[in-house]
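Novice: Need a 3D model of the following:
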Amino acid sequence: MARARIPDDSGEASVYRALQAEPKPARDDTATAVRYTLQLLAERAEGNTLEVRVPPFGAVQCIEGPRHTRGTPPNVVEMDAATWLALATGREAWADAVAAGRVHASGSRADLTGELPILRRPQ
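Specialist: Below you'll find the predicted structure:
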């Protein structure tokens, strides 16, 4: 069963609230912001080659290429919600997050450089 699409207005509002909240955003805002930006990634980079995981909030498959259907995918990217939102909005560069160890990437296609940012940083 397909998950309902998060509307752009409520998704963008959640991203804005999650990024502006100090010292820590509400869990509901974080959850919706992560799911919304993952949804955008899956829509813009359709495919099943790479699995992007942001536990405990969501995971999507994206990027064109060989399809993976069983077991642990060979190409996986995983990170926490704060790192994902920073990458998705352009507040942090992919290479910097990987170098700092905030992104765990495995597989030859586990690179989102060309797909980020997904949503420009709210003003």
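
Novice: and G11, that's in a helix?
Specialist: Yes: judged by DSSP: H, G, I helix; E, B strand; the rest coil, G11 forms part of a helix.

Novice: contacting residues for it?
Specialist: Listed by C-beta atoms under 8 Å, 6 or more residues apart in numbering, the contact set of G11 reads T32, A33, R35, Y36, T37, Q39, L40. For the C-beta atoms, the positions are set from N, CA and C on the backbone; glycine is no exception.

Novice: swap the cut-off to 7 Å and go again
Specialist: G11 makes contacts with T32, Y36, as judged by C-beta atoms under 7 Å, 6 or more residues apart in numbering.

Novice: Let me see the ranges of the strands in the protein.
Specialist: With DSSP state E, the ranges of strands along the chain come out as 50-54, 58-62, 76-79, 103-106.

Novice: Quick check: which of the ones you listed is buried the most?
Specialist: Most buried of the strands of the chain, by mean neighbour count (mean count of other C-beta atoms under 10 Å): strand 50-54, with a mean of 22.

Novice: Show the average pLDDT along that one.
Specialist: Strand 50-54 carries an average pLDDT of 96.

Novice: Partner strands of that strand, with direction?
Specialist: Within its sheet, and counting by DSSP bridges, strand 50-54 is paired with strand 58-62 (antiparallel), strand 76-79 (parallel).

Novice: picking that back up, and the strands of the chain as TSV, adding distance to A4?
Specialist: TSV is the format used below for the strands of the chain (distance: least, C-beta to C-beta, whole Å):
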stretch	distance to A4
strand 50-54	18
strand 58-62	13
strand 76-79	24
strand 103-106	28
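
Novice: Low-confidence ranges, the chain, go.
Specialist: Of all residues in the chain, those with pLDDT under 70 make up the ranges 1-2, 68-71, 121-123.

Novice: 80 instead?
Specialist: Counting by pLDDT under 80, the low-confidence segments of the chain come to 1-3, 66-73, 120-123.

Novice: Tell me where it has helices.
Specialist: Taking DSSP state H as the test, the helices found in the chain are 8-20, 27-44, 81-88, 94-99.

Novice: For R67, find the nearest of the ones you listed.
Specialist: Comparing the helices of the chain by their distance to R67 (C-beta to C-beta), the top pick is helix 27-44, with 14.2 Å.
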